[in-house]
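J.: Sequence plus the predicted model coming up.
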Amino acid sequence: MGVALDTSALIDVLRGDERVLRETDRLEAGGNLPVLSTVAVFEVLSGVEYTKSRVERTRIEALLTRIRIEPFDQESARRAAELRGELLREGRSPGAPDVMIAGQALASRHILLTRDHQLGKLAGEFGLRVTLY
């Protein structure tokens, strides 16, 4: 079991945001090692490609060598579809990458670390464990 960082958490780690660093330290102390979805990696690298920032690319690549990366698989897709369907029924229109990362965390039984309160509302509905910061 681990703690899945969504894209916002990954970006905040890269920026040195104290809130997310405290939460990752607390969760790691409880035995939950950080993991990244290939979807989060895609989103962050897309931003770097857009800005063409060599400094950011270097920082991201260094971080990616230190965190376990897990592929988005069929079970992750199934769980993400369930989450997205429920959100759409409630009139919410979440971005697909966010829901994919949450679905992967659910399928892998990871804690999802995010500052996205919309995803935080799913915690009780599907058994998704969410830590908001």
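T.: Here it is on my side, so go on. Numbers count the residues shown, from 1 in each chain.
J.: what's in contact with stretch 59-76?
T.: The contact list for stretch 59-76, computed with CB atoms under 8 Å, 6 or more residues apart in numbering, reads 2, 5, 10, 13-14, 33-39, 41, 44-45, 48, 100, 103-104, 107-108. Where you see a C-beta, it was placed from the backbone N, CA and C, and this is true even at glycine.
J.: buried ones in the host helix or strand of Thr58?
T.: Assigned by DSSP states H and E, Thr58 belongs to helix 54-64. The neighbour-count check on helix 54-64 (16 or more other CB atoms under 10 Å) flags Glu56, Ile60 as buried.
J.: Also stretch 32-44?
T.: For stretch 32-44, a neighbour-count test (16+ other CB under 10 Å) marks Asn32, Pro34, Val35, Leu36, Ser37, Thr38, Val39, Ala40, Val41, Glu43, Val44 as buried.
J.: Val3 should be in a strand, yeah?
T.: Yes: counting by DSSP: H, G, I helix; E, B strand; the rest coil, Val3 is located in a strand.
J.: now the helices: where do they sit in the chain?
T.: Ranges of helices in the chain, per DSSP state H, are 7-15, 18-29, 38-51, 54-64, 74-89, 96-108, 117-120, 123-126.
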